[in-house]
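Asker: Attaching a predicted model along with its sequence, questions to come.
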Protein chains: 2
Amino acid sequence: MNFNILKKSANTSARLGELETLHGSFATPVFMPVGTQATVKTMTPDELKEIGAKIILSNTYHLYLRPGHEIIREAGGLHKFMNWDGSILTDSGGFQVFSLGELREINEEGVTFRSHIDGSIHFIGPETSVEIQNALGSDIMMAFDECIPYPATFEYVLSSVERTTRWAERCQKAHNNIDTQTLFGIVQGGVYKELRRKSAIDIVSLGFEGYAIGGLSVGEPKKEMYDMLDFTVPLLPDDKPRYLMGVGTPEDLFEGVIRGIDMFDCVLPTRIARHGTVFTKKGKLVVRNAAYARDFTPLDPSCDCYACKNFTRAYIRHLINVGEILGIRLTTIHNLHFLVTLMQEIQKAIEGDYLLELKDEFYANFGILQYM
Amino acid sequence: MNFNILKKSANTSARLGELETLHGSFATPVFMPVGTQATVKTMTPDELKEIGAKIILSNTYHLYLRPGHEIIREAGGLHKFMNWDGSILTDSGGFQVFSLGELREINEEGVTFRSHIDGSIHFIGPETSVEIQNALGSDIMMAFDECIPYPATFEYVLSSVERTTRWAERCQKAHNNIDTQTLFGIVQGGVYKELRRKSAIDIVSLGFEGYAIGGLSVGEPKKEMYDMLDFTVPLLPDDKPRYLMGVGTPEDLFEGVIRGIDMFDCVLPTRIARHGTVFTKKGKLVVRNAAYARDFTPLDPSCDCYACKNFTRAYIRHLINVGEILGIRLTTIHNLHFLVTLMQEIQKAIEGDYLLELKDEFYANFGILQYM
């Protein structure tokens, strides 16, 4: 993997970069659509390309349980299995083990948990996570970590952060495909600056090709999240990509980019799409509402996605109202296109040194209160 | 609407024809995918074109209830509402009023029923059905009829057939858009030859641009259905299209075509697709089954649809197994492509006078016992 910074923002910490994997290169900052179960929900790989996506995220926990990573290994890896020739980042499974698995028991070795699907008992530790991700063959792998819930005591977070560092080192040792897959480390530490610092220093000292900030956007106030970014990002190497995990509202993308984040992922755009809510330049729109039953305009008149070029709010409202799959296909395409396109605009704004102006204009139109 | 017969089969009653509407022309015999709620389930109009569909069917009953035909009228008609520029045939609502509506009460005027969605009370009669279909702006409209359940007594079928004829005449009088929309009559009569004959004579005497045979494939043995076709089709004018309603297994397509049927529709291919069953040249395949978990071949190796060109049984099996929408998108594309392509092969076989040979070969490979 290669990462080059092409331009630094004049008056923010934002960077325009280029990240290259064996499956192509793409500009950063980048938003990665989430394909949990080897598919970005409702979409084909061709549709992902059409909206401009070049890297997607997939979930190790889900693929380990179903269909099982050995099947994907036999298929020739995740790219071949799902017929996606762009880049793929896989998470470590850590977040889902803690948030979805039941009766989880954590010790130094790893985590024993019950599957949320059939109650069967499983174990994932650093070595298992790496082995699964090696089988999946993702371009970027994540170290196995504990995503600490919010709130948590200082003592708990401290011991967790120390264990996450030990796990990160074990992941490095277990990683077999260093020629084709890149491993990122994850900084944890909850909302304790002292522990964020400790985690950052320890993880960076292990030496990774990229660094994620985990454990944010888990219920803490926005201000705490942004404060943690302000504090943590400067502790990370300047020349490596920085990835803010699980974050993806439009305002969080702006605030993250401005603080020096290069990569984002979030289920939000696809999840709200399935509930009939879409992004527009003028804010969120619940197209499922009866108010749009006779609205024969596109979801967003300024948008050139497939849904907006071909269908009206009235039609999409009807489809979602009667439970037709095409409805949520169209809202999903639109929302992902919206965020991918927003990131392209952000890239241009970094290039042209007008990122804060773009942000002000976007916030004013979208109806976001300025945080800073 | 124009209908031209280009070639008659040498040793069967099959005909190769061309049917032209304001939205294009297409070869017959034709299979029409069903787009009940202004969408062929899971598919975009572009995907329909890609599999070769040129005419689809949509359901008056459903569109009347949701979103309401007045909204579709305001949208500029069903073609514009759903962005489909091919041809559309709408049914009369009769079948659904009887099969889905609750507490239905039938009298000379029409049918009063409770909506299967919210229990609200509605009335549809011949004039209402035509008015709704005029609002939808379909290319081909169907006369409002009673689809008689199987079994039914001779006396009941007799009185129903007579009423259906009176309703057909009222539909003709109520039809306002004769320049842009064509009205088909429907022959009923259950499995009573005498009543099929009466219905055919009466409906034909009213003079329609096309004739449907209704009330078959409603639970009667296959032999009875084929016998009714053998008996009824010769009673219909040779120069008008003949449409066998709600029929669409591969063998029923062959048997219908051989007996002189030009048009078919059926929810079967899309419905079984959503349950993980696909057509192949070698018979039906339940790709959802665990047997295909490690099968990295296409659904049907001889098929060139989008699903078969890009994905494996193992992947599609995984998607359906975990409830991912892309799975049923792919099986739906495949099954509709299968039937549309089968009809194209049937057209060529009529042209080349080898229809019975094609049938024998298809039946042998697919595993269908010969009926005749």
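Answerer: That came in fine, so what should we check first?
Asker: Dump stretch A:122-129 to CSV, keeping only the CA atoms.
Answerer: Listed next in CSV are the C-alpha coordinates belonging to stretch A:122-129 (Å, rounded to 0.1, in the frame of the first residue of the first chain):
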residue,chain,number,x,y,z
HIS,A,122,-17.2,-18.9,19.2
PHE,A,123,-13.8,-17.4,20.0
ILE,A,124,-12.0,-14.6,18.3
GLY,A,125,-8.7,-13.3,19.4
PRO,A,126,-6.0,-11.3,17.7
GLU,A,127,-4.6,-14.3,15.8
THR,A,128,-8.1,-15.5,14.8
SER,A,129,-9.1,-12.1,13.5
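Asker: Now do the same contact list for the residue nearest in space to the middle of chain A.
Answerer: With distances taken as C-alpha atoms, centre = their mean, the residue of chain A nearest its centroid is residue A:265 (1.5 Å). Residues in contact with residue A:265 (C-beta atoms under 8 Å, 6 or more residues apart in numbering or on different chains) are A:31, A:32, A:33, A:34, A:57, A:89, A:243, A:245, A:246, A:247, A:248. Glycine gets a C-beta too; all of them are placed from N, C-alpha and C.
Asker: neighbours around the third one, how many?
Answerer: So that's residue A:33. Close neighbours of residue A:33, defined as other C-beta atoms under 10 Å in any protein chain shown, add up to 24.
Asker: Do a quick rundown of the strands in the stretch 151-300 of chain A.
Answerer: In the stretch 151-300 of chain A, the strands defined using DSSP state E, counting those that start in this stretch lie at A:182-187, A:211-213, A:242-244, A:263-265, A:277-280, A:283-286.
Asker: Get me the contact residues on chain A for chain B.
Answerer: With C-beta under 8 Å from any C-beta of the partner chain as the criterion, chain A meets chain B at residues A:37-39, A:41-45, A:62, A:66-67, A:71, A:74-75, A:81-83, A:293-294, A:296, A:310-312, A:314-315, A:317-319, A:321-322, A:324-326, A:328-329.
Asker: Narrow these to those that are buried.
Answerer: Buried members of these, counted by 16 or more other C-beta atoms under 10 Å in any protein chain shown: A:37-39, A:41-45, A:62, A:66-67, A:71, A:74-75, A:81-82, A:293-294, A:296, A:311-312, A:314-315, A:317-319, A:321-322, A:324-326, A:328-329.
Asker: circling back: which of the strands of the stretch 151-300 of chain A sits closest to residue A:347?
Answerer: When the strands of the stretch 151-300 of chain A are compared by C-beta to C-beta, strand A:263-265 sits nearest residue A:347, at 12.7 Å.
Asker: ok, now how distant is the residue lying closest to residue A:131 once chain neighbours are set aside from residue A:94?
Answerer: Residue nearest to residue A:131 in three dimensions, not counting chain neighbours: residue A:174, with 6.8 Å by C-beta to C-beta, 6 or more residues apart in numbering or on different chains. Using C-beta to C-beta, to the nearest Å, one gets 14 Å for the distance from residue A:174 to residue A:94.
Asker: I'd like to know how many residues surround residue A:287.
Answerer: Going by other C-beta under 10 Å, the residues that sit close to residue A:287 add up to 27.
Asker: Now do the same contact list for the closest residue in space to residue A:288 that isn't next to it in sequence.
Answerer: The spatial neighbour of residue A:288 that comes closest, neighbours along the chain excluded (C-beta to C-beta, 6+ apart), is residue A:276 at 2.9 Å. For residue A:276, the set of contacting residues under the criterion of C-beta under 8 Å, 6+ apart consists of A:286, A:287, A:288, A:289, A:317, A:320, A:327, A:328, A:331.
Asker: which residues touch the third one?
Answerer: Residues touching residue A:288, when contacts are defined by C-beta under 8 Å, 6+ apart, comprise A:275, A:276, A:277, A:317, A:320, A:321.
Asker: so what's the residue nearest to residue A:209 when sequence neighbours are not counted bridging to?
Answerer: Take residue A:209 and drop its neighbours on the chain: the residue closest to it by C-beta to C-beta, 6+ apart is residue A:182, 4.6 Å away. Beta-bridge partners for residue A:182, by DSSP bridges, are residue A:140.
Asker: returning to what we had before: list the ones among the residues of chain A next to chain B that fall in helices.
Answerer: Within the residues of chain A next to chain B, residues falling in helices by DSSP state H are A:45, A:62, A:71, A:74-75, A:81-82, A:310, A:314-315, A:317-319, A:321, A:325-326, A:328-329.
Asker: and residue A:85, which of the three is it?
Answerer: Classification of residue A:85 by DSSP: H, G, I helix; E, B strand; the rest coil places it in coil.
Asker: contacting residues around it?
Answerer: Applying C-beta under 8 Å, 6+ apart, one finds that residue A:85 lies in contact with A:23, A:24, A:45, A:79.
Asker: Could you identify the helix or strand that succeeds the strand or helix carrying the last one?
Answerer: Remark: residue A:79 resides in helix A:78-82, with elements defined by DSSP states H and E. The first helix or strand that comes after helix A:78-82 along the chain, using DSSP H and E, is strand A:87-90.
Asker: Show me what that next one packs onto, helices and strands only.
Answerer: In terms of contacts (3 or more C-beta pairs under 8 Å, 6 or more residues apart in numbering or on different chains; DSSP states H and E), strand A:87-90 is packed against strand A:55-58, helix A:78-82, helix A:126-136, strand A:140-142.
Asker: Let me have the ones you listed in CSV, extended by mean pLDDT.
Answerer: Output for these, formatted as CSV (pLDDT from 0 to 100):
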stretch, mean pLDDT
strand A:55-58, 98
helix A:78-82, 98
helix A:126-136, 98
strand A:140-142, 98
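Asker: winner for burial among those?
Answerer: strand A:140-142 (a mean of 28; mean count of other C-beta atoms under 10 Å in any protein chain shown).
Asker: quick revisit: want to throw the contacts of residue A:265 into a markdown table with distance to residue B:166?
Answerer: As requested, these are exported to a markdown table (distance: C-beta to C-beta, whole Å):
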| residue | distance to residue B:166 |
| --- | --- |
| A:31 | 63 |
| A:32 | 64 |
| A:33 | 58 |
| A:34 | 59 |
| A:57 | 63 |
| A:89 | 67 |
| A:243 | 72 |
| A:245 | 69 |
| A:246 | 65 |
| A:247 | 67 |
| A:248 | 62 |
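Asker: how about the helices and strands packed on strand A:87-90 in a markdown table, adding distance to residue A:237?
Answerer: As requested, these are arranged in a markdown table below (distance: least, C-beta to C-beta, whole Å):
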| stretch | distance to residue A:237 |
| --- | --- |
| strand A:55-58 | 21 |
| helix A:78-82 | 28 |
| helix A:126-136 | 22 |
| strand A:140-142 | 16 |
